[in-house]
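Enquirer: Got a predicted structure here, sequence first:
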Amino acid sequence: MNENWHTITRRQLLAVSGLSLASLGRGDPAAPAPRAPVAPVSIGKCANYDEDLVSLLAKQFDQIGGVRRLVGGKTVAIKLNLTGGGRIGTYTAGQTHWVHPKLVGAACHLMGRAGAKRIRLLEGAGRGDSLEDKMLNAGWDVAALRSAAPIVEFESTNHLGSGKRYARLKAAKPYIYPAFDLNHSYQDTDVYVSMSKLKHHEECGITLTIKNSFGITPNSIYGNDAGVDEPNENARRGREAVLHAGKRQPPKSAPQEVDFTSERHEGYRVPRICVDLTAARPVDLAIIDGIESSVQGEGPWVNGFKYANPQVLILGRNAVCTDAVATAVMGYDPRAKRGEPPFHRITPPQTPGAPEWAENPMLLAEAVGIGSADLSRIDVRGVPIKDALYDFESRRRG
Amino acid sequence: MAPIVMGDLRLRRTLFQVAGVLVLLLSTILLARAAGPDCWVPARWQGGPLEMLRRAGSKQVLADPARAGILRDWYNPRTLDLLENTPVNCLLVTWSTGAKADVESEQHKLLAAYTRAAHQRRIAVVGLVYPGADPARAAAPVVEAGLDGLVIKGDSAGGPQIARELRRLLREKNSSAVVIALGVRDWLLSDADWPVLGTSGAVMPRVRVFSESDSVTATPTTEPWIDSNTWLVRSLRAWGGERPVWLGHRLGNPSEADYARAIADAAVAGGRWVLAPDDALLASLWRGQPEALATWRRIGACLNFYEQHAEWRGFTPAGSLGIIQDHAGKHAAMADENLNLIARRRIPYRVIERADLTAAALQGLQAVLAVSFAPPTEQERKLLAAFAEGGGLLVAGPSWNSGTLAEGDYAVKKLGAGRIAVYKQDPPDPEALSKDILDLLGNENLPVRLFNVAGMLAHVTAGPGGRRLLVQLVNYATEPSGLITVRAAGEYHRARLFSTDAPPADLKINKSGERIEVSVTKVAVYAALLLEK
C-alpha cells in the first residue's frame, strides 16, 4: 500500500468526512452490528512497572501485526490518560489512575525504533499549565521521556496550544455533537493512539480508550467557563455544564448539539459524546494500562478509591474491540446494558432520585460501525481472557 | 619617693583580692548568662515531684510505672550530660502549678541545685508556671533558685495580667529574670513586653490521615491536607520584629522523623519549636539505651544544623505576593487561614503588617492581598490603588466595589496598568481565595515553582542583595518524596543542596526558558536548596 496514500487520505478524510443526519441508522445498540469491524486484541501479563515493559510491549505489538507499517515515517499522537491529579498513600498517580510514565516511555521508544518521525504526547493540563509541568508535578522524568525517541513533543490540548486555529473534526453518525473543535494536534497527525488506564469511573462505570476521548475536548470550548461566542483561552473550569449535563452550549463558534431536547443525564450524554469523539477522531491503536490500577473510580477524589494490581496490558487496533476485551478482563460483560454492571453510578448521585445508570459506550460505538464489542468475533491473542481475569466488582465491594 | 607604709600595702592587697573575687563572680555570672532569650534554644525538661503531682492531677497517666521514678528523679544533674553536643541551652522546668506549698518548695530546692549545675554549662533555666499557680509563690524563690525566667502556660484570658504581676514581683526583688508566654496567641497581641513570642497554639506538623485504613486520603483538592505552623511563625515574626518565636506544642507518640519535622517546620521561617522529648524517649535516655541515645544525637544534629545556618533566619521572604496583615482586623481567624492555605498552594508570599504598609513595602511585588482589613483608610486606599495603577494586582474586599459585581465570587476590573479583583464576600472563603490567587497571579509569575511536592511545603527567602535564593523544603509525609523539580526565575549559577544528615552537595542547573530548574531526587524530612548568582 502506498504510505503516502495513508498519510494524505487520513488527514483529508478527517477534514471532509461527515454524513447527513438522515443517514443515521443506529438501530438497537444491544444487538451486535454485523458490519462493525473487528481487529485482534493482545493481552499481556506484567506484575509491575519494574518489569521489562519494552520487551512485553514489543511482543504484544507483534501479536497484532506490528507497528512498523503503522508508524514508520509518520507523526504519531498519543492521547494519554492523566485524569486530575492527586495520589493515595505512597502510590504514585501512575500506579493508580494515570497511565504510567514507564509504559509511555516504552511505547515512545518502540515507536521511535519502528521509524516514527515525530511523537506528540497529548493530554489536557489544568490551570493553563503545560503538559510537561503536569507530568513534572507527578514526579515524571520529562527529560527521559523527551529522549525516548528522536522527536518527542508535548502539548496540552485544553486550549489552542501551539496551533493557530482549532481543528474541526466530524462524527459520521453523531449522537450528541456532529463535530468538535479540537486542538490542532488531533488533526495534525498521521497516527492516533489512545492510551488509557484500566479502571472504574464514578459516573459511567468504567473508563477505557473510548472514554479517554472525552479528554480531547478543550476546556476553552467545552469547559464551564468557555466563552459564549468564542473560545476562552483562559478557561480553567471542568466540562460538567457543557458536556456532562448539557446545561449550556459551547461557544457559538463551535458546533452545537444535534438535539437540544435530548436527555440531559450524564449517564446518557457522556458515553454518547465519547462515541461521537471516537468517530470524529478514530483511534488507530488502543493501549490499556492495567498493570497497576485502582477500583471504585477514576481518581482519588472518589470516595472509597483504592489501589488494585490487575497485572495486565491490553492493546489492539480497534478501540471498541480493545475496550470490549478489557471489560471482560475486568470481570464484566462487554454487552451489558445500561444500569447493568458496570454501567451504573458507583457512588450515589448528589441529587437524590437522579438516574444512576450509564450507557454502554461499546454498544453505542458498535451501532455506528466503529467496531465490534462481540467477544465471539474478536481474536484475542497472547494471554486468554480467563487467565487474565481480575474481578474489579468484588474488589470494589471489598 | 615617699616610704611605702605596710598598712597601705595590706589595704591594696585586700582591695586587689576583693576586686579579683568580684571580677571572677561577675565573669561567672556574665558567662553563665551570656546567651539571652534571643539566643536560647529551648527544650521542655519537666520532672521532679511537682511534675508527678501535676500529671496525677490532670489525669496524664504514665504508661510505664517505672517512668514515674525516672520523672521524679529527672533533676539529677546527670541528666544535663544529655545536652552535650546539642545546642539546647534553655530548659523549661516544672516550677509552679498551684500545688501545696511544701511540694512546690521541695521542687524549688531541687531546681536551685539543678540550675546552679546548668549555669556552669551555660544553660539557662526557666520555670513553667501553670494555671492555678500563685504569682507571689511563683516569683518569690526565683532569685534564690537563680532562674533565668518564668514561662506562663495556659489558655485563659488572664495570661497577660499574670505576666504583669510576675514582672512587678520580680522587679521588686531586683531580678532580671524574664517572663515568657507559652499559651494562647492572643496573649502575645495584648502585651508588648514579651521578650519571646511564644505560643502553644500550634499543631503537630504532618500530613493529616482521614481514612480508616490509615492511608492518606486525598481531600477534594486532590492534595493531602498538611498541618503546618510555618505560616504562624511568619505571621508572628512580621508582627513582632526581631523577637524570637517559640512554638510550644507537644507531639503525640512521635517518631524520630516527627521530631525532625517539628524542628524544621518552625525553623524554616526563623522560629524555634520548644523541643519536647516524650516520656518514652526520656526514660530510654535515662537508662542509657544505645538506640535512644543515637536518636537523641540525631535530634541534636538537627537542632545544630539550624544554629549553624543561623544566618538564614535573617533572609527576607521572597514572593511576588504581599499579604497585608492586621491583627486588630475583625476576621482574624480567616486571615490566619489565608496565610495557611496560600502557603499550602506553595505561593511564596511576604507578610506586611498593616502598620508597616508603605510604597517601599510593596516594592517588587506583583500582587497584594488586602482582604484582612476593612475598610482601608484613605491613605491606604490611595497607596494600594497606586500599586494597582502601576501594573500590580490588588485583591480586595467589597469595600472596594464601586458598582454591581458580576456573577461569581469576585470581579476583576482594570485599574491603570494593573487590575483589582474585588470579592463580594467579606471575608472571602479562604479555600477558594487561595485557589483564585494562583489563577489571578499565574504560575508564570511565581518566583519559585515546585513540582511533585504533594505532602511538602516550601519556604522561600532571599539573602541580602538578592544574590542568593533559599528554598527550604519540609516533607510532612511519612515517606520520602520522589523526584522534585524546583524552577526559579533568575540567572543562578550554583545550586547547593543542604540537609541535616548529609554534607552539602552541588546540583546540576538546567535552563528552562528564562528560568532555571534543579532536580532534587529525594527529601526525607528536610532539605534546603541555596541558589547563588
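Expert: Done, it's in.
Enquirer: what's near enough to touch residue A:188?
Expert: Residues near residue A:188 by CB atoms under 8 Å, 6 or more residues apart in numbering or on different chains: A:11, A:75, A:77, A:163, A:167. In this view, the C-beta of every residue, glycine as well, is placed from N, C-alpha and C.
Enquirer: can you give me the helices for the stretch 401-533 of chain B?
Expert: Listed in chain order, the helices found in the stretch 401-533 of chain B under DSSP state H, counting those that start in this stretch are B:430-441.
Enquirer: So, low pLDDT: which residues of the chain?
Expert: Because you didn't say which chain, this covers chain A. Residues of chain A meeting the criterion pLDDT under 70: A:1-30, A:32-34.
Enquirer: not what I meant, chain B
Expert: Under the criterion pLDDT under 70, the flagged ranges of chain B are B:1-10, B:13-34, B:58-63, B:209-222, B:402-406.
Enquirer: With distance to residue A:64 and neighbour count as new columns, can the contacts of residue A:188 be given to me in a markdown table?
Expert: Converted to a markdown table, these look like this (distance: CB to CB, whole Å; neighbours: other CB atoms under 10 Å in any protein chain shown):
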| residue | distance to residue A:64 | neighbour count |
| --- | --- | --- |
| A:11 | 23 | 16 |
| A:75 | 21 | 20 |
| A:77 | 19 | 27 |
| A:163 | 31 | 17 |
| A:167 | 28 | 19 |
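Enquirer: now these as JSON lines including distance to residue B:87 and secondary structure?
Expert: Formatted as JSON lines, the contacts of residue A:188 follow (distance: CB to CB, whole Å; DSSP: H, G, I helix; E, B strand; the rest coil):
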{"residue": "A:11", "distance to residue B:87": "69", "secondary structure": "helix"}
{"residue": "A:75", "distance to residue B:87": "61", "secondary structure": "strand"}
{"residue": "A:77", "distance to residue B:87": "58", "secondary structure": "strand"}
{"residue": "A:163", "distance to residue B:87": "59", "secondary structure": "coil"}
{"residue": "A:167", "distance to residue B:87": "64", "secondary structure": "strand"}
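Enquirer: Now do the buried residues in the strand or helix carrying residue A:112.
Expert: Per DSSP states H and E, residue A:112 falls inside helix A:101-113. Residues A:101-113 are the ones in helix A:101-113 that count as buried (16 or more other CB atoms under 10 Å in any protein chain shown).
Enquirer: just stretch B:134-151 next, same as before
Expert: B:135, B:137-142, B:145-151.
Enquirer: And stretch A:368-378, by the same measure?
Expert: In terms of neighbour count (16+ other CB under 10 Å), stretch A:368-378 has its buried residues at A:368, A:369, A:370, A:371, A:372, A:373, A:374, A:375, A:378.
Enquirer: pretty sure residue B:239 contacts residue B:326?
Expert: No. Look at residue B:239 against residue B:326 with CB atoms under 8 Å: they stay out of range, at 9.8 Å.
Enquirer: and the closest residue to residue A:164 other than its chain neighbours, what is it in contact with?
Expert: Leaving out its chain neighbours, the residue that sits closest to residue A:164 by CB to CB, 6 or more residues apart in numbering or on different chains is residue A:184, at 7.6 Å. Neighbouring residues of residue A:184 by CB under 8 Å, 6+ apart: A:160, A:161, A:162, A:163, A:164, A:165, A:166, A:167.
Enquirer: neighbour-wise, which of the residues you listed leads?
Expert: Of all the contacts of residue A:184, residue A:166 has the most neighbours under the rule other CB atoms under 10 Å in any protein chain shown, reaching 22 neighbours.
Enquirer: Skipping its backbone neighbours, what lies nearest that residue in space?
Expert: In space, and not counting its chain neighbours, residue A:166 is closest to residue A:181: 4.0 Å by CB to CB, 6+ apart.
Enquirer: Next: residue B:240.
Expert: In space, residue B:240 is closest to residue B:197, 4.6 Å off (CB to CB, 6+ apart).
Enquirer: This completes my enquiry, with thanks.
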